[in-house]
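*Asks:* Sequence and predicted model, in that order:
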Amino acid sequence: MFVKAIKRVSAFTRPIHIITRLYQQSEVLPGAATMFFVNEDGYAVTCKHVAEIIVNATMGITQQNYNQFRGQSHKYLKDTHNTYHIQRLEQQFNLELGTIVNQKVNFINSFSNLSQIDVTYHPKYDLALLHFQSDGPYFYTHYAEFLADKQEYEVGRSLCRLGFPFSEFRNFRYNANIDDIEWTPDAPHITPAFPIDGILTRFIGDETGYPYALEMSTPGLVGQSGGPLFDTHGIIYGMQQSTRHLHLGFDMINQDVWIGTHRAKVSNHPFLHVGVCISAEIIKDFLRQQNVKFYQRRPE
C-alpha cells in the first residue's frame, strides 16, 4: 500500500546519528533521530527535543561543563583528600552516574560540507526548524509536500511514518587519550529506514482544546522522532513526536498459567502504545511565521 509513498518520502527524510557517553563510563551509546526537508534551500523540520540535542552537541555545552570539571579535578590528583575534593566538584558541576558528559551528532547523506546550522524552536509545541547552510550541494533529491490547506483529516485513514529507530551504525569510539568520544571514518554507515503504518484514531488537543496533534493506532518508535507522517501518495500529514501509553485495564495478578510443562503464576498489566504526531497544520503555520517556503498538495 505504501511502497511508492515510502520511496517518495525517503528522498527527503534523513537520519541523525547521535553518540553519547555518561559520566565515569567509557562505553559509547549510539542513538538516532529523524528529520525531513521542506524545500530545496536546506530547511528541515524535526522535534524540539531532537533539536536541543543538536544544539547541545554542536555547541559543546555539555562538553564544556565536563572539561571544566576535569581541569579543576586534575589539581587534586595527588592530594590526600582527593575523594573529598572530587565529590565537591561533582556537586558543583552536577555530575553523577548517568549524567551525559559527551555527545556528538552526525547528519547522514544530507549535504557535502556543512558550514552553519540555524535552529528555531516552536514557542509552544515539540517542533523545531533547522536551516543547514552548506558550501557544497545538498544530497536530498526532493522535499516534503504537505496536505493542502482546508483538507480534512479523517479518523480511520491509513497513514505511515518513516524514521530510523534502530541504531545499527558502529563508526564511533571512545578515545582514552583525550577522554572523549569521536567518529571513525572507516566503518560503514548502516542506517536502515523503518516504516510503520496505522490508522488515525483521534485528535489531541492542547490546554485550550486546539487539536495540535494526531493520534495513531500504532506507536512511534524511539529514533523515529522528527520523521514524516504520510498517506499512500506521500503527502505529509504530520511529524512523529512521541508515544502515549494507554492503560487497557486487562490486568492479571498472580494468574495460574501453564508455561510449557510447568505451572506458574503470572502478572500482566497491558498498555496500548499509540503514536502522537504534530499536525501538518501546526508545521505549516510555523513555516509561514518564519517566512520559509514550503509546498502543498491535494489528495488524489
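*Replies:* Here it is on my side, so go on.
*Asks:* Check which helix or strand Thr58 maps to.
*Replies:* helix 48-59 (DSSP states H and E).
*Asks:* Surely Phe139 is in contact with Leu114?
*Replies:* No - shown here, Phe139 and Leu114 do not form a contact pair, counting by Cβ atoms under 8 Å, at 11.4 Å. (C-beta placed from N, C-alpha, C; glycine too.)
*Asks:* Return the alpha-carbon coordinates of stretch 131-147 using CSV.
*Replies:* Provided in CSV are the C-alpha atoms of stretch 131-147 (Å, rounded to 0.1, in the frame of the first residue of the first chain):
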residue,chain,number,x,y,z
HIS,A,131,18.4,25.5,8.4
PHE,A,132,21.6,23.9,7.1
GLN,A,133,24.0,26.0,5.1
SER,A,134,26.4,24.0,3.0
ASP,A,135,29.4,25.0,1.0
GLY,A,136,28.6,22.2,-1.4
PRO,A,137,25.5,20.6,-2.8
TYR,A,138,22.6,19.1,-0.8
PHE,A,139,22.1,15.4,-1.2
TYR,A,140,18.4,15.1,-0.7
THR,A,141,16.6,14.8,-4.0
HIS,A,142,13.1,16.1,-3.2
TYR,A,143,11.2,17.9,-0.4
ALA,A,144,8.0,17.4,1.6
GLU,A,145,4.6,18.2,0.1
PHE,A,146,2.2,18.9,3.0
LEU,A,147,-1.5,18.2,2.9
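*Asks:* any low-confidence regions in the stretch 51-200 of the chain?
*Replies:* Where the stretch 51-200 of the chain drops to pLDDT under 70, the residues are 77-81, 84, 187-190.
*Asks:* could you pull out the strands for it?
*Replies:* 100-107, 114-121, 128-134, 145-147, 158-163, 172-175, 180-183, 194-205 (DSSP state E, counting those that start in this stretch).
*Asks:* Give the bridge partners for Trp183, please.
*Replies:* Beta bridges link Trp183 to Phe172 when assigned by DSSP bridges.
*Asks:* Now for it, how many residues are close by?
*Replies:* When neighbours are defined as other Cβ atoms under 10 Å, Trp183 has 14 of them.
*Asks:* What of Ala32?
*Replies:* 25.
*Asks:* what does Pro211 give?
*Replies:* 15.
*Asks:* Relative to Ser242, how far out is it?
*Replies:* 16 Å (Cβ to Cβ, to the nearest Å).
*Asks:* same check, this time on Ser73
*Replies:* 37 Å.
*Asks:* Check Asp251 too.
*Replies:* Applying Cβ to Cβ to Asp251 and Ser242 gives a distance of 24 Å.
*Asks:* Kindly report the same for Leu22.
*Replies:* Leu22 is 23 Å from Ser242, by Cβ to Cβ.
*Asks:* Now do the same for Ile282: its pLDDT.
*Replies:* pLDDT for Ile282: 98.
*Asks:* so which strand or helix has the nearest residue to it once chain neighbours are set aside?
*Replies:* With sequence-adjacent residues excluded and distances taken as Cβ to Cβ, 6 or more residues apart in numbering, Ile282 is closest to Tyr212, at 5.3 Å. Using DSSP H and E, Tyr212 falls within strand 211-216.
*Asks:* same thing with Lys7?
*Replies:* helix 3-10.
*Asks:* How about the contacts made by Gly238?
*Replies:* 213-214, 228-229, 277-280, 283 (Cβ atoms under 8 Å, 6 or more residues apart in numbering).
*Asks:* now, which of those residues sits nearest Lys293?
*Replies:* Lowest distance from Lys293 to the contacts of Gly238 (Cβ to Cβ) belongs to Ile283, with 13.3 Å.
*Asks:* and the closest one, what element?
*Replies:* Assigned by DSSP H and E, Ile283 falls in helix 280-289.
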